[in-house]
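Participant: Fold the following, please.
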Amino acid sequence: MTRYIPIQTQAIPGDLDIAPPVQQALDEGRPVVALESTIITHGMPYPQNLETALKLEAEVLAHGAVPATVAIVHGRLKAGLSHGEIEALARAGPSAIKVSRRELGLVVAAGQTGATTVASTMLIAAKAGIRVFATGGIGGVHRAAAQTFDISADLQELARTPVAVVCAGAKSILDLGLTLEYLETHGVPVVGYQTSTLPAFFTRESAFALPWRLDTPDQIAAALHAQWRLGLSAGMVIANPIPHAFAMPASVIARAIEQALQDAAGQGISGKATTPFLLERVNAITGGDSLAANIALVLNNARLACAVAAALARLG
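Facilitator: Numbers count the residues shown, from 1 in each chain. Model (predicted):
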């Protein structure tokens, strides 16, 4: 049986750089929200990726928290990036290394630059002492995983790293039912924010009921505080539905995903390349509507993450 070791929350001497505004906020007990960087490099094209990354940071600041965009820059783990570093990642796009837990040591040792996935962003955030992270959607169990064994490392990270992940559910290109089963098996709570069903990224609802619904950031913070006070090392998925105005018809998304999956199979796309390819194809098939929805839901998740981080800060 695999035994999971809780991630320590202190910085790694010599390997982790915490931006001064982030460190000051942590020292003063003020709310900090981590943000991933693969959304910049692999989530959308330039210049929308740069615009979205800067909007995200501005949104976090506007809602009373300090943003900490996470990446690896020249072999340094970074919790908080400069605008120049964000722009460099945006211009690099898919040519940048996509770094999950598996690649961290290799990229650091090589002194390379890479964008962090949900898993590696969680890990670095935890080491910096950041407990709340906003993203678009988590990875999960891919369709046909029974044959491919393609399961995102995000799920394992959620099982062992004490960071709350605010997201619009799992990406709808995945097998949502199996993703929930996997998280349950590994002791990861999935909480619906003002919803009783799992959001399906581009759509507000799915066919999958959630066992827990919490309607305020204070309730979520209290649950997180209790979980970690009890010594439980897992994170928590806070499933936040896309705003009504940007939600897409389920039938439109389903058709686009089916076409994208056929295209991926036809081109032999697999592994880490699968999710970026599918998101890009869905965006093309929907005439750009899915990209607008993606941006709206990420900003919405950042706002909720700020409120949860502030409530956690009040609890000490």
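Participant: what's the closest non-adjacent residue to Leu312?
Facilitator: Ala221 (4.5 Å; Cβ to Cβ, 6 or more residues apart in numbering). Where you see a C-beta, it was placed from the backbone N, CA and C, and this is true even at glycine.
Participant: how far away is that neighbour from Ala128?
Facilitator: Ala221 sits 19 Å away from Ala128, taking Cβ to Cβ, to the nearest Å as the criterion.
Participant: Give me the more crowded residue out of the two.
Facilitator: Taking other Cβ atoms under 10 Å, Ala221 and Ala128 do not tie; Ala128 has more neighbours (27 against 23).
Participant: Give me the spatial nearest neighbour of that one, chain neighbours excluded.
Facilitator: Nearest to Ala128 is Ala79, by Cβ to Cβ, 6+ apart, at 3.9 Å.
Participant: Same check on Gln48?
Facilitator: In space, Gln48 is closest to Leu291, 6.7 Å off (Cβ to Cβ, 6+ apart).
Participant: Which helix or strand contains that neighbour?
Facilitator: Here Leu291 is covered by helix 289-315, with elements defined by DSSP states H and E.
Participant: tell me which strands and helices the helix or strand hosting the residue nearest to Leu312 is in contact with?
Facilitator: Per DSSP H and E: Ala221 is located in helix 217-229. Applying 3 or more Cβ pairs under 8 Å, 6 or more residues apart in numbering; DSSP states H and E, we find helix 217-229 packed against strand 190-193, strand 236-239, helix 289-315.
Participant: List the buried residues for that helix?
Facilitator: Using 16 or more other Cβ atoms under 10 Å as the test for burial, helix 217-229 gives Pro217, Asp218, Gln219, Ile220, Ala221, Ala223, Leu224, His225, Gln227, Trp228.
Participant: From Ala19, how far off is the residue nearest to His244 when sequence neighbours are not counted?
Facilitator: If the residues on either side of it in the chain are set aside, His244 comes closest to Arg204, at 7.1 Å by Cβ to Cβ, 6+ apart. Counting by Cβ to Cβ, the gap from Arg204 to Ala19 is 34 Å.
Participant: Not counting the worst-scoring helix or strand of the chain on mean pLDDT itself, show me its contacts.
Facilitator: Across the helices and strands of the chain, mean confidence by mean pLDDT, DSSP states H and E is lowest for helix 145-148: a mean of 72. Residues from elsewhere that reach helix 145-148 (Cβ atoms under 8 Å, 6 or more residues apart in numbering): His142, Ile151, Asp175, Leu178, Ser270.
Participant: any idea of the pLDDT on the second one?
Facilitator: Meaning Ile151. With respect to pLDDT, Ile151 scores 90.
Participant: same question, the last one
Facilitator: As summarised for this prediction, Ser270 has a pLDDT of 77.
Participant: And for it, the neighbour number?
Facilitator: By other Cβ under 10 Å, 13 other residues sit near Ser270.
Participant: And it, how far from Ala144?
Facilitator: Distance from Ser270 to Ala144, by Cβ to Cβ: 11 Å.
Participant: Now list whatever residues contact both of those two.
Facilitator: Common contacts of Ser270 and Ala144 (Cβ under 8 Å, 6+ apart): Asp150.
Participant: can you tell me which strand in the protein is longest?
Facilitator: Secondary structure of the chain per DSSP state E: the longest strand is strand 66-73.
Participant: Can you name every helix or strand that it contacts?
Facilitator: Contacts defined by 3+ Cβ pairs under 8 Å, 6+ apart place strand 66-73 against helix 20-27, strand 32-35, helix 48-62, strand 76-79, helix 83-92, helix 104-109, strand 114-116, helix 118-128.
Participant: wait, which of the ones you listed is closest to Glu157?
Facilitator: Minimum separation from Glu157 across those (Cβ to Cβ) falls at helix 118-128, 3.8 Å.
Participant: what lines up beside whichever helix or strand comes after that closest one in the sheet?
Facilitator: Next helix or strand after helix 118-128 toward the C-terminus (DSSP H and E): strand 132-134. Next to strand 132-134 in the sheet, as set by DSSP bridges, lie strand 32-35 (parallel), strand 164-167 (parallel).
Participant: can you put these in CSV and add mean neighbour count and mean pLDDT?
Facilitator: What follows is these, written out as CSV (neighbours: other Cβ atoms under 10 Å; pLDDT from 0 to 100):
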stretch, mean neighbour count, mean pLDDT
strand 32-35, 31, 98
strand 164-167, 28, 98
